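Asker: Sharing a model that was predicted from the sequence below.
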Amino acid sequence: MSVNPMAYEAQFFGFTPQTCMLRIYIAFQDYLFEMMLVVEGVILKKVEGFPDAKISPLQIRKSTEKFLLFMKEHFDQLFSKMEEVLLQLVLNVPKHVLLPEDKVHEQYPYTKEQFQALQEEIDQLQQQYRAEASARQALLAEIEEQKCVQAELEKILQWFDGLESICRAHGTSNFKESFTFLTQNSKKLQDVLKDIEKKSKKLQISDQLA
C-alpha cells in the first residue's frame with residue numbers, strides 16, 4: 001500500500017485513496033476465499049461420487065489451502081500494479097488543479113513572510129486581548145472593593161448621625177462640643193472603673209485577712 005498521505009485527494013474525494021484501495025483489496029480477498037470454499041465443496045461432492053477414490057477430505061483441504069496461497073501471491077502482485085495505476089491516474093488530483101474551496105488562496109496569495117507577519121499580528125492581538133481582559137478583571141475587583149469601602153463609610157456616617165442625635169439629646173449641638181462631651185464622659189467612666197477595681201481589691205484583701 002502507498003505511504004503517501006495524499007491529503008489533497010482526501011479533501012476532494014472525502015476519503016483517502018489508500019482507504020479506497022484497502023477496501024477494494026479486502027473485497028477481492030474475501031471473494032477469493034469464498035470462491036475457494038465453493039470449489040472445495042464441489043470437489044468433495046465429486047469425490048463422494050467415486051467410492052474407489054483414495055482422496056480424503058483432509059487432503060482436499062490441504063490442496064485447497066496450497067492453491068489459495070498460490071492465488072493470493074499472484075493476486076497481491078497484480079493488485080500492487082493495479083493500485084499504482086489507480087493512484088496515479090484515477091485517484092489523483094493533478095498539481096495544477098485547485099479545488100473550489102481553495103480558490104481564495106489564488107485570489108489572495110500570501111508569501112511565507114507575509115503569512116509569518118500575519119501570524120505575528122494575530123499573536124499580538126491575542127496578547128492585547130488577554131491584557132485587556134486581565135485589566136477588566138482588576139477593574140471589576142477594584143469596583144467591588146470600592147463598594148465595600150462605601151458601605152463601611154455609610155455605616156460610619158450613620159454612626160456619626162446617631163452620635164449627633166445623642167449629643168443633641170444632652171444639649172450639645174456643635175461637633176467639637178460633642179466630642180469634648182464624649183471625651184469627658186469617657187474619662188468619667190474610666191475613673192469609675194478604676195474606683196471599682198480599687199474597692200474590689202480592698203474587699204479581696206479584707207476577705208483574705210478575715
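Answerer: On my side now, so go ahead.

Asker: helix, strand or coil for L91?
Answerer: For L91, the reduced secondary structure class is coil; criterion used: DSSP: H, G, I helix; E, B strand; the rest coil.

Asker: Who are the packing partners of the helix or strand hosting K46?
Answerer: For K46, the element it lies in under DSSP states H and E is helix 17-48. Packing contacts for helix 17-48, counted by 3 or more CB pairs under 8 Å, 6 or more residues apart in numbering; DSSP states H and E, involve helix 7-13, helix 57-89. Every C-beta, even on glycine, is put in place using the N, C-alpha and C of the backbone.

Asker: Flag the shaky bits of this structure, pLDDT-wise.
Answerer: Low-confidence regions of the chain, defined here as pLDDT under 70, cover residues 1-5, 51, 53, 104-108, 110, 160-161, 163-164, 166-189, 192, 199-210.

Asker: can I see the domain layout of it?
Answerer: Using the TED database, the domain parsing of the chain gives 7-107, 141-173, 174-209.

Asker: so which of these is the most packed in?
Answerer: domain 7-107 (a mean of 12; mean count of other CB atoms under 10 Å).

Asker: Can you give the distance of that domain from its chain's centre?
Answerer: Relative to its chain's centre, domain 7-107 lies at 41 Å (CA atoms, centre = their mean, to the nearest Å).

Asker: how about D52, secondary structure?
Answerer: Following three-state DSSP, the label given to D52 is coil.

Asker: Check which helix or strand L140 maps to.
Answerer: Counting by DSSP H and E, the secondary-structure element that holds L140 is helix 112-169.

Asker: Show me what that helix is packed against.
Answerer: Other elements packing on helix 112-169 under the criterion 3+ CB pairs under 8 Å, 6+ apart are helix 175-209.

Asker: hang on, the earlier thing: can you give me the angle the helix holding K46 makes with helix 57-89?
Answerer: Using axes from the mean of the first three to the mean of the last three CA atoms, to 10 degrees, the inter-axis angle of helix 17-48 relative to helix 57-89 is 150 degrees.

Asker: OK, contacts around I24?
Answerer: With contacts defined as CB atoms under 8 Å, 6 or more residues apart in numbering, I24 has no neighbours.

Asker: what's the distance between it and S80?
Answerer: Applying CB to CB, to the nearest Å, the value for I24 to S80 is 12 Å.

Asker: And V149, by the same measure?
Answerer: Between V149 and S80 the computed distance is 81 Å (CB to CB).

Asker: What of G14?
Answerer: G14 is 25 Å from S80, where distance means CB to CB.

Asker: one step back: could I get the domains of the chain in a markdown table, plus columns for distance to A117?
Answerer: Output for the domains of the chain, formatted as a markdown table (distance: least, CB to CB, whole Å):
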| stretch | distance to A117 |
| --- | --- |
| domain 7-107 | 17 |
| domain 141-173 | 36 |
| domain 174-209 | 68 |
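
Asker: Of those, which is nearest E121?
Answerer: The minimum distance between E121 and these falls on domain 7-107, with 18.8 Å, by CB to CB.

Asker: Quick check: which of the domains of the chain is nearest to A131?
Answerer: Once the domains of the chain are compared by CB to CB, domain 141-173 is nearest, at 15.7 Å.
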